[in-house]
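*Asks:* okay, structure incoming, though there's no sequence with it:
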């Protein structure tokens, strides 16, 4: 039975992948956006197929195909919604704020020089409008959770940088909450200097490492 189930899982996964990879018709949005939607559909389909296999008994094929199709549909919707939300945020936020669409989430990177003064966890007046825009977007897309992470460079002690990153992440969360987004949708952490994205040996690298990231994760 286990061999049969895994064989059907492989076949169903292949069907889902082939269906999701059908080229978009003429006049559809940009290929990059289409691929993100397709990736969401593939992921959803594979998850659906897995659930179908694990929860079925003798007559597994109808269950597998149904759950794969449902999973693909959900994944496709998530991909489309992320593309839409990304485009809206790009049109509204400061161009220095990084936006990455990872296919299953949006990652917003707020550079420290734009967000905080040196050694401060008080938000700059310039960034409050952008955080209000993020809060409005989160209210427009209520089916997502928000992960807020504060980062620091390696200047100073690790203990001090840890505390500063936590306070900065909390300040960003407080601003978003003041825009109407409940804390129950948020997870808030500071990781200090432990997750650099550039070298801490250069001034430019340190500037990149000082940041707050907001991940918007559809559920």
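*Replies:* All right, it came through fine. For clarity, every value in this text was computed on a predicted model and none was experimentally measured. Residues are numbered from 1 along each chain as shown.

*Asks:* so where's this structure shaky on pLDDT?
*Replies:* Scanning the chain for pLDDT under 70 picks out the ranges 1-76.

*Asks:* and the helices in it?
*Replies:* Applying DSSP state H to the chain gives helices spanning 2-20, 31-55, 60-92, 112-115, 125-140, 158-178, 203-209.

*Asks:* pull out the buried positions in the shortest one.
*Replies:* Neighbour counts over helix 112-115 (16 or more other Cβ atoms under 10 Å) mark 112, 115 as buried. (Glycine included, C-beta is placed from N, CA and C.)

*Asks:* show me what that helix is packed up against.
*Replies:* Contacts defined by 3 or more Cβ pairs under 8 Å, 6 or more residues apart in numbering; DSSP states H and E place helix 112-115 against helix 125-140, helix 158-178, strand 211-218.

*Asks:* quick one: the closest residue to residue 115 other than its chain neighbours and residue 175, what's the gap?
*Replies:* Nearest residue to residue 115 in three dimensions, chain neighbours excluded: residue 127, at 4.9 Å (Cβ to Cβ, 6 or more residues apart in numbering). Separation of residue 127 from residue 175 (Cβ to Cβ, to the nearest Å) stands at 8 Å.

*Asks:* close enough to count as contact, the residue nearest to residue 115 and residue 110?
*Replies:* Yes - counting by Cβ atoms under 8 Å, residue 127 does reach residue 110; the two are 6.8 Å apart.

*Asks:* looking at these two, which has the bigger crowd around it?
*Replies:* Neighbours per residue, other Cβ atoms under 10 Å: of residue 127 and residue 110, the larger number sits with residue 110, 26 against 22.

*Asks:* name the nearest residue to that one, sequence neighbours excluded.
*Replies:* Counting by Cβ to Cβ, 6+ apart, residue 212 is the residue found nearest to residue 110 once chain neighbours are left out, at 4.6 Å.

*Asks:* tell me the contacts of that neighbour?
*Replies:* Residue 212 is in contact with 109-110, 112, 115, 148-151, 168-169, 172, counting by Cβ atoms under 8 Å, 6 or more residues apart in numbering.

*Asks:* tell me the two of those that are most distant?
*Replies:* 112 and 148 (14.2 Å; Cβ to Cβ).

*Asks:* circling back: out of the helices and strands packed on helix 112-115, flag the one nearest residue 80.
*Replies:* Nearest to residue 80 among the helices and strands packed on helix 112-115 is strand 211-218 (10.6 Å), distances taken as Cβ to Cβ.

*Asks:* can you give the strand pairings for that closest one, parallel or anti for each?
*Replies:* Sheet pairing for strand 211-218, assigned by DSSP bridges, gives strand 106-111 (antiparallel), strand 144-151 (antiparallel).

*Asks:* using CSV, lay out those together with distance to residue 183.
*Replies:* Formatted as CSV, the strands paired with strand 211-218 follow (distance: least, Cβ to Cβ, whole Å):
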stretch, distance to residue 183
strand 106-111, 18
strand 144-151, 10
